[in-house]
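> Below: sequence and its predicted model.
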Amino acid sequence: MSEKFYITTPIYYPSRKFTLGNCYTTVICDAVARFNKLLGKDVFFMTGTDEHGQKIAQAAKNANKTEMEYLDEIIADAKSLWKLLNIDYDKFIRTTDDYHVKSVQKIFRELYDKGYIYKSKYKGKYCVPCESFWTESQLVDGKCPDCHRDVIDQEEEAYFFKLSEFGDKLLKLYKDNPEFLKPESRVNEMITNFIKPGLDDLCVTRTSVKWGIPVDFDPKHTIYVWIDALTNYITGLGYGTEDDSLYKNYWPADVHVIGKEIVRFHAIIWPAILMALDIPLPKRVFGHGWLLFGGDKLSKSKTTGTAECVDPRILAPRYTADAVRYILLREIPFGSDGNYTTELFLNHINSDLANNYGNLVSRTFSMLKKYRNSIVPKFEEPVEEIDKDLFETITKSANDAKKYIESNFDVSKALASIFDIFSKANKYIEVTEPYRLAKDEAKADRLDAVLRNLLEAIKAGTILLSAFLPDCSKKVLDALHLKNVKFKDVLNNDLLLTGEMVDELGILFPRLDVQKELEELSKIAEGK
Ligand code: MSP
């Protein structure tokens with residue numbers, strides 16, 4: 001039986017259309033899921049949407065739609081965005097799904113029956129027109145952060161979860177399982193900022209929010225945010241339903257990948273809920289940094305004075321989904337923040353995708369066609385130093401990529417390792433000079449060896465790349481007649497069939513005129 005691997009994205013708020021920022025987490029999870037499939041694991045990848053709460057109800061109202069009409073449109077757009085970016089999820093959970101609603105009610109009742117949830121009074125600052133409670137720290141100049149009007153002190157009856165009981169258990173969890181929360185710096189944040197000052201019990205229902213899951217034994221209360229949202233990771237597997245086979249198979253999750261702003265909920269509240277339910281904890285929570293647009297987390301159309309188009313729905317069809325995936329996966333050191341600019345995006349397409357990978361593939365295929373009628377020459381064990389060096393790079397890069405993904409989900413370093421293969425192979429062409437070898441009949445064997453070694457480098461790198469850039473790698477693997485490849489095939493030099501003809505390949509990534517594209521994109525962003 002193959003090893004299981006269960007990975008999740010956060011479930012996103014569909015209060016507006018998804019941004020490139022949301023794509024960041026999703027593309028990372030997709031690449032990690034695909035890489036684990038390459039490793040032969042039995043992978044389950046879940047994403048979805050967090051559909052309850054005042055903000056959604058308000059957004060629907062503003063759009064003159066019912067909540068479900070509004071949500072269905074955003075979710076249809078989200079699903080088509082994931083399709084566009086080749087996100088190969090196994091399950092898309094919506095918190096309005098019937099099975100989720102029922103399971104959440106069941107979980108709530110169980111926590112109540114076990115004494116972890118009790119009824120009390122919630123006190124807070126209340127904005128009457130917005131029908132919203134705010135904490136002191138959320139207020140802006142003492143006023144409602146949404147409508148900027150005065151707020152009043154208000155109390156309402158609410159249920160609370162006994163989070164205060166879990167401080168020591170959480171400290172023990174972090175101490176006994178240093179892998180639980182990554183990067184490590186986030187553990188200190190949790191301890192210093194939240195656990196050491198003392199955890200307060202958590203208000204888990206509202207009577208003022210109508211768009212939510214009602215508590216089944218006290219329906220004027222709706223279940224507020226976190227018990228509804230966090231539990232998606234188990235209800236999506238069927239926990240609490242008649243068919244919980246996925247839950248039995250895949251839980252506990254191998255990793256919840258989330259943005260750093262919601263680490264607290266995943267590293268404090270979620271484990272506490274699971275402990276209270278007596279359910280095993282996820283193996284790891286990874287809090288990544290933000291993709292910043294002119295220093296801001298939200299992608300705005302104007303960031304640096306000139307308009308920038310950061311809509312993946314425009315960028316992917318124009319430059320390929322792989323190019324969008326590439327910038328998201330490569331540019332940000334995993335765990336830290338990183339800046340996105342259109343110029344960086346376009347320059348990466350040219351330098352890495354067109355000049356490095358694309359060029360290697362097109363030069364090799366065209367030399368193979370010109371000198372060997374596109375027929376794969378036979379493989380010989382490398383004897384020359386330069387050949388050995390190329391194969392050493394392939395082996396090291398493959399092992400490094402695996403190590404980076406398995407130990408730390410570090411997609412950026414893994415991709416950099418894979419591109420080392422392509423850089424090395426491009427240098428190999430310059431040093432071995434196949435175009436010179438072709439002129440000398442006596443060097444025919446050497447030319448065969450050089451071309452085959454280049455094909456091996458392309459094959460190896462492309463198999464690894466298939467987890468990150470599925471479209472271009474499929475084209476190349478198809479041209480090489482390779483199907484259903486796995487990680488173990490990377491170093492198998494007998495996979496390519498000697499004497500077989502490879503197919504023609506078009507240009508994978510045309511070189512861009514960056515200045516021209518910047519202008520075009522700017523016009524698009526300004527709606528011209
Ligand atoms: N609904 C909650 C999560 C519940 S999970 C049980 C939520 N939703 S959200 O729509 O606000 O999405 C937040 C997530 O989107 C972040 O955690 C992050 O994964 C992703 N990102 C949104 N903008 C981002 C950037 N600019 N950069 C990186 N990630 C960003 O919070």
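Yep, that arrived.
> Surely Leu521 is in a strand?
No: per DSSP: H, G, I helix; E, B strand; the rest coil, Leu521 lies outside any strand segment and is helix.
> hang on, it packs against Glu308?
Yes: at 6.9 Å, Leu521 counts as touching Glu308 under the criterion of Cβ atoms under 8 Å. For glycine as for every other residue, the C-beta is placed from the backbone atoms N, C-alpha and C.
> so what's in contact with these two at the same time?
Common contacts of Leu521 and Glu308, defined by Cβ atoms under 8 Å, 6 or more residues apart in numbering, comprise Thr342.
> Can you classify the residue of the chain most remote from its centre by secondary structure?
Here the chain reaches farthest from its C-alpha mean at Ala442, the gap being 51.9 Å by Cα atoms, centre = their mean. Counting by three-state DSSP, the backbone at Ala442 sits in helix.
> Need the per-residue pLDDT for Glu380.
Residue-level confidence at Glu380 comes out at 94, pLDDT.
> same question, Phe293
pLDDT, Phe293: 86.
> So it is in contact with Tyr340, correct?
Yes: assessed by Cβ under 8 Å, Phe293 is found in contact with Tyr340 at 5.6 Å.
> ok, which residues in the stretch 101-250 of the chain are in contact with the ligand?
Residues of the stretch 101-250 of the chain lying close to the ligand (Cβ under 6 Å from any ligand atom) are 229-230, 232.
> The closest residue to the ligand within the stretch 101-250 of the chain: neighbour count?
Here the stretch 101-250 of the chain gets closest to the ligand at one residue, Ala229, 4.0 Å apart by Cβ to the nearest ligand atom. Residues near Ala229, counting by other Cβ atoms under 10 Å, number 25.
> Please apply the same query to Glu406.
Per other Cβ under 10 Å, the neighbour tally for Glu406 reads 15.
> what about it, distance to the ligand?
As judged by Cβ to the nearest ligand atom, to the nearest Å, Glu406 and the ligand stand 21 Å apart.
> what's that residue in contact with, if anything?
Leu39.
> where's it relative to Met46, distance?
Note on Glu406: its distance to Met46, by Cβ to Cβ, to the nearest Å, is 20 Å.
> can you give me the strands in the stretch 151-300 of the chain?
152-161, 181-182, 202-203, 205-206, 213-214, 222-223, 255-259, 285-288, 291-293 (DSSP state E, counting those that start in this stretch).
> so who does Asp50 touch?
10-14, 95, 228-229, 232.
> what's the burial count for the residue nearest to Asn249 when sequence neighbours are not counted?
Among residues not flanking Asn249 along the chain, Lys4 sits closest, at 6.7 Å (Cβ to Cβ, 6 or more residues apart in numbering). Lys4 is flanked by 16 other residues according to other Cβ under 10 Å.
> Over to the one 4 residues further on?
For Thr8, the tally of surrounding residues (other Cβ under 10 Å) stands at 28.
> Now do the helix or strand containing Arg446: which elements does it pack against?
Taking DSSP states H and E as the criterion, Arg446 maps to helix 444-465. Counting contacts by 3 or more Cβ pairs under 8 Å, 6 or more residues apart in numbering; DSSP states H and E, helix 444-465 is packed against helix 359-372, helix 385-408, helix 411-432, helix 434-437, helix 470-479.
> That one vs helix 411-432, what angle?
Helix 444-465 and helix 411-432 are oriented at 170 degrees to each other (axes from the mean of the first three to the mean of the last three Cα atoms, to 10 degrees).
> Would you mind putting the CA coordinates of helix 444-465 into CSV?
Taking C-alpha atoms only, helix 444-465 is exported to CSV below (Å, rounded to 0.1, in the frame of the first residue of the first chain):
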residue,chain,number,x,y,z
ALA,A,444,29.8,10.6,-35.0
ASP,A,445,29.8,8.4,-31.8
ARG,A,446,30.6,11.4,-29.7
LEU,A,447,27.8,13.4,-31.3
ASP,A,448,25.4,10.5,-30.5
ALA,A,449,26.6,10.5,-26.9
VAL,A,450,26.2,14.2,-26.5
LEU,A,451,22.7,14.3,-28.0
ARG,A,452,21.6,11.4,-25.9
ASN,A,453,23.0,13.0,-22.7
LEU,A,454,21.2,16.2,-23.5
LEU,A,455,17.9,14.2,-24.0
GLU,A,456,18.6,12.5,-20.6
ALA,A,457,19.0,15.9,-18.9
ILE,A,458,15.8,17.2,-20.6
LYS,A,459,13.9,14.1,-19.6
ALA,A,460,15.1,14.1,-16.0
GLY,A,461,14.5,17.8,-15.5
THR,A,462,11.1,17.7,-17.2
ILE,A,463,9.8,14.8,-15.1
LEU,A,464,10.7,16.8,-12.0
LEU,A,465,9.3,20.0,-13.6
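> from the middle of its chain, how far away would that helix be?
Helix 444-465 sits 31 Å away from the centroid of its parent chain (Cα atoms, centre = their mean, to the nearest Å).
> just to revisit the earlier point, and of the helices and strands packed on helix 444-465, who's closest to Ile332?
When the helices and strands packed on helix 444-465 are ranked by distance to Ile332, counting by Cβ to Cβ, first place goes to helix 411-432 at 6.3 Å.
> can the closest one be found next to the ligand?
No: residues of helix 411-432 are not located near the ligand by Cβ under 6 Å from any ligand atom, the shortest gap being 13.2 Å.
> In that helix, which residues are buried?
By neighbour count on 16 or more other Cβ atoms under 10 Å, the buried set for helix 411-432 is 411-422, 424-426, 428-429, 432.
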